[in-house]
Structures are given as C-alpha cells and as structure tokens.
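# fold the stuff below for me.
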Amino acid sequence: MEIFINDQKLDSKLEQEKKISDVYDSVSKWLESNSKYMVSFLVDGKEASLQEIDSMDIQSVNRLDFFIGEEIDILK
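All right, here's what the predicted structure looks like:
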C-alpha cells in the first residue's frame, strides 16, 4: 500500500497497523503533535467514512491519500 500526504509519497513502513483506521489514527496523532489538521482523506481515490475504514484491512487497499493543512492557515 502506498501512502501520500499532499501528493507526496511517504517513505515509511507500516509497523503494527492492521486496519486502515489504525493508519488513520497514527496520522491523526502525528498531525496533532505538529500543529496540522486533516483537510480530507481518500481510500483508493474515494472518500470513506470512519465507520467504513474501521473494517478495511490494509491488504485490501492500494493507496491512501491524506490532504493536510497548517493551523496557521485557519487563522488567516
């Protein structure tokens, strides 16, 4: 599975994540700790709800896209 943030491919390996929701949670925690926020999230090019991704195994997905913004952008 490939993971992209703002169209840039991530060079990291999945460690203990088994479901797409695990990956989502890991990225969300990283965003919070870096004063960023998630604008949108795509699974194989389609929007998915948190309920949907909770049942998706990482083997069933080819690509995840996270679109991220900076908190400073909200204040402008």
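# pretty sure Cys36 sits against Glu70.
No Cys there; residue 36 is Lys. Yes - counting by CB atoms under 8 Å, Lys36 touches Glu70, with 5.8 Å between them. C-beta coordinates here come from the backbone N, C-alpha and C atoms, glycine included.
# more crowded one of these two?
Under the neighbour definition other CB atoms under 10 Å, Lys36 and Glu70 were set side by side, and Lys36 has more, 19 against 12.
# helices of this protein, start to end?
Counting by DSSP state H, the chain has helices at residues 20-33, 50-54, 71-75.
# quick check: beta-bridge partners of Leu64?
Residues in a beta bridge with Leu64, per DSSP bridges, are Ile3, Val43.
# what sits against Leu14?
Going by CB atoms under 8 Å, 6 or more residues apart in numbering, Leu14 touches Met1, Val23, Ile58.
# cutoff 7 Å now
Contact analysis of Leu14 by CB atoms under 7 Å, 6 or more residues apart in numbering lists Val23, Ile58.
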